[in-house]
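[1] Below: sequence and its predicted model.
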Amino acid sequence: MAQKQHDETLDIRGGSKLTGFFVGLLVGVGILIPLISAVGFATNPYTQRLFSGRLADVSQAGYVIFWWLVAAILFALPFLVGWAVNSLSRRGLAIVGGILIVVVIIALILGTIFVF
C-alpha cells in the first residue's frame, strides 16, 4: 500500500492541466530578456554595428528579418512547451527534449563558426 501511494505521488503526468501553464510561465519568464533584446535589435538598425563578422556584412533587411524571426521563435516557445507538457506522453516529452538539445547544440556551433 505504501509503495503504491509513493508511486502515485511521483507521477508528474497525474497532475492537473495547470502543470503545462506553469511550465510555460516559467519558460516565459526565462526568455523574457532575450525576447526584449531580439525585438530591440530588430527595431533599431544601428545595432547591426554591434556585431562584427557575418551579421555586420548582411543587408539591413536581412538583419531585421533575422532578429524578428528570433523574436517570433522566442515568443512561441512558452506556448509550445506548455502544450507539450500537457499533451505529450513521457516518451514524447523525451523525444522533444532530445530534439531541442540537438537544436541548441547546432545553434551554438553555428553561432561560434559564423558570429565569432
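    Received, thanks. Keep in mind that what you see is a predicted model, and the values were worked out from it rather than measured.

[2] When you work out contacts or count neighbours from here on, use the C-alpha atoms and nothing else.
    Fine.

[3] Where is the longest helix in the chain?
    helix 60-87 (DSSP state H).

[4] what's the offset of that one from the middle of its chain?
    Relative to the centre of its chain, helix 60-87 is centred 7 Å away, using C-alpha atoms, centre = their mean, to the nearest Å.

[5] helices or strands up against that helix?
    In terms of contacts (3 or more C-alpha pairs under 8 Å, 6 or more residues apart in numbering; DSSP states H and E), helix 60-87 is packed against helix 18-30, helix 32-43.

[6] what would the ones you listed look like in a markdown table with mean neighbour count, distance to Y63 and mean pLDDT?
    Shown next, in a markdown table, are the helices and strands packed on helix 60-87 (neighbours: other C-alpha atoms under 10 Å; distance: least, C-alpha to C-alpha, whole Å; pLDDT from 0 to 100):
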| stretch | mean neighbour count | distance to Y63 | mean pLDDT |
| --- | --- | --- | --- |
| helix 18-30 | 16 | 24 | 88 |
| helix 32-43 | 16 | 7 | 91 |
